[in-house]
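A.B. asks: pasting a predicted model and its sequence here:
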Amino acid sequence: MASKTLKIIPLGGLGEIGKNMMAIEYGDNILIIDAGIMFPENDMLGIDYIIPDFGYLRDKTDIIRGIVITHGHEDHTGAIRHLLDEIQAPIYATRLTRGLLEVKLRRGGMLQEADLHTIEAGERLSVGPFDLEFFHVCHSIPDGVGVGITTPAGLIVHSGDFKFDHTPVDGWPTDFGKLAEFGSRGVLALLADSTNSDRAGWTPSEATLDSAFDEVLREAKGRVLIGTFASLISRIQQVAHAAQRHGRVITFVGTSMVENTRMARNLGYLDIPDEMIVPIEQALQMKPSRVVIMCTGTQGEPMSILGRLSKGTYRGFDIEQGDTVILSSAPIPGNEEMIHRTINHLFQRGADVRYSPIEPIHVSGHASREESKLLLQIIKPRYLIPIHGELRHLKQHAKIAEEVGIPSENIAVIENGTVIEFKNGQLSIGERIPGGYVFVDGGGVGDVGPNVIREREALARDGIVAVHLTLDRKTETLLGDPEIVSRGFVFMRDAEILFEDARRHIREVVEDPADEREIEIRVEKELARFFKSRVRRRPVIFVFASNSASGSESS
Ligand SMILES: [Zn+2]
Ligand SMILES: [Zn+2]
């Protein structure tokens, strides 16, 4: 039996929706599963996206044996460039997933040095001491896999993102046979998708969307714009088939949409005849009732195509009276407000907007409660570690597992950064490692920390007050009045008296002989307190002191 400890190290996706990443460690060997991004929440101002904290891996780069990417969604692939900046290891992915990774790596100029390997569902592969068996899972993108990992300490099964769809778009259901085989061999631990653990019943099949798309395309008199994720390849296929049935051409707008569909068609994952695809310029000349436009922006992202169309700032074309816009995706938690704003603006511009849940134009790609139970019954793991979800989803998953008879002490609800250890077949909670957020802001990675975010929040909420002091350094006295300028703080009309009092207060603070703090810091702290008590606000305060020309410039 195994002499060393097997560690399961969640680096992302446990306690949140997004930036999925898991490391499996045995002896001097690490296997990484997925490297995703998360979209910022409303209160993370100016942040483009968030990647997992790779801190734990940084001094172990020489023992990383491989990276498995389960499928092509951003929350599993999006951080790959940042990961490859820090480590070099072979990447294993199915054909479509690899294709999507290549699009991403090429854009970053990193395709040459990346060590990519194509794997297939059903294949076996040894990576260090890990014996990997990839099995097909249904999801909202073709070519997704889960992976069985035989380690010296036992068999671990990672579900990837999955659902049990018996009529999937690509006709390839989840590999129940393989799951049952794992179950009969004996599974030490199951790591399974929890995204929909708070949804009762079964997730509907993708096939149920066909009739909804048919209905919209039949009824729409004008153009139909369909928004979805550029990596939702199955959805793009369904829309294309529906367009074909209703004699419409299809046009793709936006770089990622165009690149992904071109790649997926080349690899044979999208079946759309050449003559059905037209460039947007041509589509705009055609009869509106003959056109379907596919684009991104269902999460209310202001710079996306739909975001710009909703505000009339997209350069290519405008929303017109008679357009129908379908948002075919579910809101990522936290984005609801932005999405509703986009929907309102689209209505304002004269479009008819169709969105779920009031219309059946989206189904989830994740297992609901009954499917999770079925997975547990087939796999019969000794231990369950719920993954991919906020804490509420992980907790619900734990309850489901108890319902089907897994003892509660064999279920480990943990969040990012809590290491699970297996020794002699027993689970224990190990050390805490970094598992927080790394913010990516423009080109920079990690140079925006929580402090910067807090400052941005304060700026957005209460504005800024700048104070200029002219000092005589020798005597530490103010020369003239402090100058105060504010933006976004209070109405200037109301500010007169307030700022007059503030100036008086600053003078007292500066001239207090007992206070030994630096003048700028003193003024900043005391002014913050003053504003807090007077107007219950805490603006960002910027104090700038200079010496007067007539003062002691030489000091
Ligand atoms: Zn996914
Ligand atoms: Zn996912």
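C.D. replies: Perfect, thanks for sending it. The structure displayed is predicted, hence computed values, not measured ones. Ligands and ions are numbered 1, 2, ... in the order given.

A.B. asks: rest of the way, CA atoms for contacts and neighbours
C.D. replies: Noted.

A.B. asks: show me where the stretch 101-250 of the chain has strands.
C.D. replies: 116-118, 124-127, 130-137, 144-151, 154-158, 187-193, 224-227, 249-252 (DSSP state E, counting those that start in this stretch).

A.B. asks: the fourth one vs strand 154-158, what angle?
C.D. replies: So the one you mean is strand 144-151. Strand 144-151 and strand 154-158 are oriented at 170 degrees to each other (axes from the mean of the first three to the mean of the last three C-alpha atoms, to 10 degrees).

A.B. asks: what's the local residue count around E281?
C.D. replies: Residues lying near E281 (other C-alpha atoms under 10 Å) number 11.

A.B. asks: surely it forms part of a helix?
C.D. replies: Yes: judged by DSSP: H, G, I helix; E, B strand; the rest coil, E281 forms part of a helix.

A.B. asks: circling back to that earlier point, mind putting the strands of the stretch 101-250 of the chain in JSON lines, mean pLDDT and distance to V169 included?
C.D. replies: Output for these, formatted as JSON lines (pLDDT from 0 to 100; distance: least, C-alpha to C-alpha, whole Å):
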{"stretch": "strand 116-118", "mean pLDDT": "98", "distance to V169": "22"}
{"stretch": "strand 124-127", "mean pLDDT": "97", "distance to V169": "26"}
{"stretch": "strand 130-137", "mean pLDDT": "98", "distance to V169": "13"}
{"stretch": "strand 144-151", "mean pLDDT": "98", "distance to V169": "13"}
{"stretch": "strand 154-158", "mean pLDDT": "98", "distance to V169": "23"}
{"stretch": "strand 187-193", "mean pLDDT": "98", "distance to V169": "21"}
{"stretch": "strand 224-227", "mean pLDDT": "96", "distance to V169": "18"}
{"stretch": "strand 249-252", "mean pLDDT": "97", "distance to V169": "18"}
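
A.B. asks: of those, give the one that comes closest to H362.
C.D. replies: strand 224-227 (10.9 Å; C-alpha to C-alpha).

A.B. asks: dump that closest one to CSV, restricted to CA.
C.D. replies: Once non-C-alpha atoms are left out, strand 224-227 reads as follows in CSV (Å, rounded to 0.1, in the frame of the first residue of the first chain):
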residue,chain,number,x,y,z
VAL,A,224,-32.6,37.6,-34.8
LEU,A,225,-29.6,38.3,-32.7
ILE,A,226,-28.5,35.5,-30.4
GLY,A,227,-26.1,36.2,-27.6
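
A.B. asks: that strand packs against which elements?
C.D. replies: strand 291-295, strand 324-327 (3 or more C-alpha pairs under 8 Å, 6 or more residues apart in numbering; DSSP states H and E).

A.B. asks: and of those strands, who's closest to D462?
C.D. replies: Among the helices and strands packed on strand 224-227, strand 324-327 comes nearest to D462, with 34.7 Å by C-alpha to C-alpha.

A.B. asks: partner strands of that closest one, with direction?
C.D. replies: strand 224-227 (parallel), strand 352-355 (parallel) (DSSP bridges).

A.B. asks: pick the most deeply packed of these.
C.D. replies: Highest mean neighbour count of the strands paired with strand 324-327: strand 224-227, a mean of 24 (counted as mean count of other C-alpha atoms under 10 Å).

A.B. asks: and the nearest residue to L105 once chain neighbours are set aside, what's its pLDDT?
C.D. replies: The shortest distance from L105 to any non-neighbouring residue, by C-alpha to C-alpha, 6 or more residues apart in numbering, is to L111 (4.9 Å). According to the prediction, L111 has pLDDT 94.

A.B. asks: neighbours of L111, how many?
C.D. replies: 16.

A.B. asks: thinking it is in contact with R98, fair?
C.D. replies: No: L111 lies out of contact with R98 (C-alpha atoms under 8 Å); the separation is 11.1 Å.

A.B. asks: show me what secondary structure element comes after the helix or strand of the chain with the lowest mean pLDDT.
C.D. replies: Least confident helix or strand of the chain, by mean pLDDT, DSSP states H and E, is strand 444-445 with a mean of 70. Sequence-wise, the next helix or strand downstream of strand 444-445 (DSSP states H and E) is helix 450-462.

A.B. asks: elements contacting the helix or strand just after that next one?
C.D. replies: Sequence-wise, the next helix or strand downstream of helix 450-462 (DSSP H and E) is strand 464-472. When contacts are defined as 3+ C-alpha pairs under 8 Å, 6+ apart, strand 464-472 sits against strand 477-478, strand 483-487, strand 540-547.

A.B. asks: quick one: stretch 174-191 to chain centroid distance?
C.D. replies: Centre-to-centre, stretch 174-191 and its host chain are 29 Å apart (C-alpha atoms, centre = their mean, to the nearest Å).

A.B. asks: show me the contact partners of that stretch.
C.D. replies: Here stretch 174-191 makes contact (C-alpha atoms under 8 Å, 6 or more residues apart in numbering) with 135-138, 148, 154-159, 162-165, 375, 378-387, 425.

A.B. asks: show me what counts as buried in it.
C.D. replies: Buried residues in stretch 174-191, counted by 16 or more other C-alpha atoms under 10 Å: 174-176, 178-180, 182-183, 186-191.

A.B. asks: enumerate every residue touching A79.
C.D. replies: A79 touches 19, 35-37, 51-52, counting by C-alpha under 8 Å, 6+ apart.

A.B. asks: go again using 7 Å as the cut-off
C.D. replies: A79 is in contact with 35-37, 51, counting by C-alpha atoms under 7 Å, 6 or more residues apart in numbering.

A.B. asks: try I343
C.D. replies: V353.

A.B. asks: tell me the confidence at P333?
C.D. replies: pLDDT for P333: 76.

A.B. asks: use 175 as the first number from now on
C.D. replies: With 175 as the first residue, the last one maps to P507.

A.B. asks: can you give me the neighbour number for it?
C.D. replies: 13.

A.B. asks: pull the longest helix from the protein.
C.D. replies: Ordering each helix of the chain by length in residues (DSSP state H) puts helix 666-684 first.

A.B. asks: and that helix with strand 638-646, angle?
C.D. replies: Going by the same axes, to 10 degrees, helix 666-684 makes 40 degrees with strand 638-646.

A.B. asks: from the contact counts, what lies against the helix or strand just after helix 666-684?
C.D. replies: Of the helices and strands lying after helix 666-684 in sequence (DSSP H and E), the nearest is helix 693-709. Here helix 693-709 touches helix 666-684, strand 714-721, going by 3 or more C-alpha pairs under 7 Å, 6 or more residues apart in numbering; DSSP states H and E.

A.B. asks: so which of the ones you listed gets nearest A386?
C.D. replies: The minimum distance between A386 and the helices and strands packed on helix 693-709 falls on strand 714-721, with 50.8 Å, by C-alpha to C-alpha.
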